[in-house]
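Chemist: Got a predicted model here, sequence first, then my questions.
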Amino acid sequence: KLINDQFGHLTGSRALVRIGKVLRSHSRAIDTPARYGGDEFALVLPEAGKDIATRVVTRIRERLAAQTEAPALSVSAGVAAFPEDGDTAEKLLAVADRALYIMKHGGRSSVQNLARIAACL
């Protein structure tokens, strides 16, 4: 919304495409990057441990930070792991969404507690 308000809807749409491309380029064949709603995306990383998920999110953040196209883009991440945080997609997304909210509004710049399923942005 902030990008749309400041730069216009075309630039806002382009920002979504840029994020989508970065997510897709850092996903394995078994991963699922998807737009979750508005300016939020989900990245499902089956069979990936915490170390892999941490590297994926770090690479996504670095790739976006290195882009020269305006406006600059960044990501916040909320994470949920199966089965510790839930045994259904709905439960996992709810936990990841709460973690994302905390990161966005808590001023945290690092990604913590990454495990098998990560919802990004």
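Modeler: Noted; the coordinates are in hand.

Chemist: List the buried residues for the host helix or strand of residue 35?
Modeler: Secondary structure here is read from DSSP states H and E; on that basis residue 35 sits in strand 32-37. Of the residues in strand 32-37, those scored as buried under the neighbour-count criterion (16 or more other C-beta atoms under 10 Å) are 33, 36. Where you see a C-beta, it was placed from the backbone N, CA and C, and this is true even at glycine.

Chemist: Can you spell out which helices and strands pack onto it?
Modeler: Other helices and strands packing on strand 32-37, by 3 or more C-beta pairs under 8 Å, 6 or more residues apart in numbering; DSSP states H and E, are helix 9-25, strand 40-44.

Chemist: Deepest in the core, which of these is it.
Modeler: When neighbours are counted by mean count of other C-beta atoms under 10 Å, the highest per-stretch mean among the helices and strands packed on strand 32-37 falls to strand 40-44, a mean of 21.

Chemist: Direction included, what does that one pair up with?
Modeler: In the sheet, strand 40-44 lines up against strand 32-37 (antiparallel), strand 117-120 (antiparallel) (DSSP bridges).

Chemist: Check the contact between residue 6 and residue 72; I expect there is one.
Modeler: No. Because the distance of 11.9 Å does not satisfy C-beta atoms under 8 Å, residue 6 is recorded as not touching residue 72.

Chemist: State the mean pLDDT of the helix or strand encompassing residue 79.
Modeler: In the assignment (DSSP H and E), residue 79 maps to strand 77-80. Mean pLDDT, taken over the full extent of strand 77-80, equals 74.
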